[in-house]
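Chemist: Okay, structure incoming, though there's no sequence with it:
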């Protein structure tokens, strides 16, 4: 029995509430001058108080040494093994703009590009056209019908867009048209298995028609597609856990990921305060909340140690409003580490703090990478965060009579 | 996706260098008088300095409670699950004398033995003949051609030798001729599956001709073969990790194991100093080095606590020469524990120390079993040492976009 089947077989509904607070890119590395990480540098009296009462540990998102992308990190937090449930490039791009992929859809990542008169690619990014131009071009291509398949085209940013193929019986398993180099023509899309022949034909016809439609749009007179992939099939988190789950996230990628596992995505504003206000307003309507804080990761990616510290401090200041609601279980963690020193995601394990009336406390009296190292949850796979949260909310029955 | 596929899909070449230093049988047990293990007793200022800056932990080589042989321990260190990638008895014996097994070869472990006039075995070890005699007898049998199969015979030690069957289409899966007792005749080699019939025929014919050749060589007038096994199929570590790997080892077994995973085996001398000198000389030619130190294990096997302490101290004294080269990642560990108190390999987890600019330091300020217990790497499977080393050398890209 795998972990998800186990949870499904043991979960039971209850009014108890679980709040999963994800500080994106939370884990860090010590500042060379102080020897303290971003989390250790931040003044976090509320988190430290929760750490004293709660239990903490360090989570491996994928496996030791592996740096997770945002999709993989969040799947692990939601309880899905990211090595089993993978999300293709096109599907992740669609999720990233919160496009509602339907079962059967095949999504591809697209680039507007520049081709010369011979049809050879001279710029794979069409000179990085503006967002406005991208929107305009997508409108031009959107909605084409090819062999009863509708092609939905949506802008991402600059030269980037998605093309979603929606129709009966489409199967992924086709090659990219993007040659990943300049000076050559785009490649024909070819089927890697017989059942993908239909998609290959539709994709090639779409590309041919799109080329005509883009003929006068130099430098964006060509397009390249890659990473054709279906909507990932993820078991519904609400059904697995007998939960009524809601997601609060400012950035589309995280709303999209939450929607993929069946969470209801709540309308919110654009700030941390907005997110916490939404949680408070809708607190009675759900029993599981995923609240995503993006700015810790953005600061880490920018290499801005101090800004990441401030995001963590702002988060800490917002906590008392939530603590007043007294959810049965609160988890504070990240989806991966983003040390400002590395200016990017990293493989370092992620601090986890779990608070509940029913946790067995450990000796940690602050929330920090160092304190988590000796925490009661130990060093454990992130896919176990959900079972632990549900257990502490008394939502899992006994295994075996 | 399994761990090796994951590494293969994420690894990227870089000039960063990784040095894996293996002190054979490193882990120990406390001396009854002092309560300190061999590693804890040794004065190791350099290792302690590295432990202060780096991150440490305890590795399980196979799984808790399982005592690894040298082959299993090293496979785990190189990233291969020793429960998946097994090495047969004959193949390991061949590897142990650094015999270059080729794909398709089948190796058997051999004993020279004594048979009476009725052909019954009276001594399975032929009175433990001298190494010189063994060499002489192997020369007598080496190179026979049987049904287009060449039989290569090489001495190991005393009564022990290997027979390697080299030819087209041979398949292992045959029984031993060694009856594992005296007073009975050697057994015929029989095929356990149809495709092994050819090997069984060749082996029996070889044994018959060898008996004739040995007729006048009493007490070594018979031979027993067991553990027929192919060269293990191990993915190439250089291809998996996009590394240029080299091995430095004085003892043939470890050179053989390194060669099996595709490392280039460097010529070196017979001492620790020679090994470190070789590493320094060839430092610019490779980006991954495996350096094997045998003497800690030998001392443990002899039950010589003090000698094992001195080997560790000698190793520590050699470190500054390596530290000057400033490899991006250094790992110090063992392939298993060999506590002097047990006079043999043991199941106890093995101390691991990883140093890199990018490690998240822990509170350990010495390299010891006790300090490793609270180390930042935690208690983890040894197969994850390679991914961790590669991550800290920034040789692994992100998993998922």
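Modeler: Done, it's in. The structure displayed is predicted, hence computed values, not measured ones.
Chemist: what residues does the stretch 251-400 of chain A put near chain B?
Modeler: A:341-342, A:344-348, A:369-370, A:373-374, A:378-379 (Cβ under 8 Å from any Cβ of the partner chain). C-beta: built from backbone N, CA, C; applies to glycine.
Chemist: Narrow those to those that are buried.
Modeler: Buried members of those, counted by 16 or more other Cβ atoms under 10 Å in any protein chain shown: A:341-342, A:344-348, A:369-370, A:373-374, A:378-379.
Chemist: Quick check, central residue of chain A?
Modeler: residue A:71 (3.8 Å; Cα atoms, centre = their mean).
Chemist: Around residue A:30, how many other residues sit close by?
Modeler: 18 (other Cβ atoms under 10 Å in any protein chain shown).
Chemist: What's the per-residue pLDDT of it here?
Modeler: Looking at residue A:30, its pLDDT reads 97.
Chemist: for residue A:347, same thing?
Modeler: Note for residue A:347: predicted pLDDT of 98.
Chemist: Hmm, it is touching residue A:72, no?
Modeler: No: at 11.7 Å, residue A:347 does not count as touching residue A:72 under the criterion of Cβ atoms under 8 Å.
Chemist: Kindly confirm my reading that residue A:380 is in a strand.
Modeler: Yes: assessed with DSSP: H, G, I helix; E, B strand; the rest coil, residue A:380 lies in a strand.
Chemist: still on that earlier bit, could you tell me whether the residue nearest to the centre of chain A really is in a helix?
Modeler: Yes: counting by three-state DSSP, residue A:71 is found in a helix.
Chemist: Residue A:301 contacts residue A:343, doesn't it?
Modeler: Yes: using Cβ under 8 Å, residue A:301 is in contact with residue A:343, at 6.1 Å.
Chemist: quick one, which of the two is more surrounded?
Modeler: Shown here are residue A:301 and residue A:343; by other Cβ under 10 Å, residue A:301 has more neighbours (17 against 13).
Chemist: what does the stretch 51-200 of chain A have sitting close to chain B?
Modeler: So far as Cβ under 8 Å from any Cβ goes, the stretch 51-200 of chain A lies against chain B at A:58, A:62-72, A:82-83, A:86-87, A:89, A:92-93.
Chemist: switch the cut-off to 10 Å
Modeler: A:57-58, A:60-75, A:82-84, A:86-89, A:92-93, A:96, A:109 (Cβ under 10 Å from any Cβ of the partner chain).
Chemist: Pick out whichever of the residues of the stretch 251-400 of chain A next to chain B sits closest to chain B.
Modeler: Nearest to chain B out of those is residue A:379 (Cβ to the nearest Cβ; 3.6 Å).
Chemist: Any idea how many residues pack against residue A:139?
Modeler: Count around residue A:139 with other Cβ under 10 Å applied: 12.
Chemist: you'd agree it is up against residue A:152?
Modeler: No: if you go by Cβ atoms under 10 Å, residue A:139 and residue A:152 don't touch, sitting 11.5 Å apart.
Chemist: mean confidence score for stretch A:254-265?
Modeler: Mean predicted lDDT for stretch A:254-265 stands at 94.
Chemist: Report the buried members of the residues of the stretch 51-200 of chain A next to chain B.
Modeler: Buried by 16+ other Cβ under 10 Å: A:57-58, A:60-75, A:82-83, A:86-89, A:92-93, A:96, A:109, out of these.
Chemist: Check which residues of stretch A:238-254 are buried.
Modeler: A:238, A:240-243, A:245-251, A:253-254.
Chemist: low-confidence ranges in chain A?
Modeler: For chain A, no stretch is flagged by pLDDT under 70.
Chemist: Where do the domain boundaries of it fall?
Modeler: According to automatic domain parsing, chain A comprises the domains A:3-86+A:234-392, A:91-230.
Chemist: Let me see the ranges of the strands in chain A.
Modeler: A:18-23, A:55-60, A:106-115, A:121-123, A:144-146, A:149-157, A:160-166, A:222-230, A:245-249, A:264-265, A:288-293, A:329-333, A:350-356, A:378-381 (DSSP state E).
Chemist: just the angle between the top helix by length along chain A and strand A:288-293, please?
Modeler: Ranked by residue count and defined by DSSP state H, the top helix of chain A is helix A:305-323. Helix A:305-323 runs at 150 degrees relative to strand A:288-293, counting by axes from the mean of the first three to the mean of the last three Cα atoms, to 10 degrees.
Chemist: packing partners for helix A:305-323?
Modeler: In terms of contacts (3 or more Cβ pairs under 10 Å, 6 or more residues apart in numbering or on different chains; DSSP states H and E), helix A:305-323 is packed against strand A:18-23, helix A:38-41, helix A:45-53, helix A:272-281, strand A:288-293, helix A:295-301, strand A:329-333.
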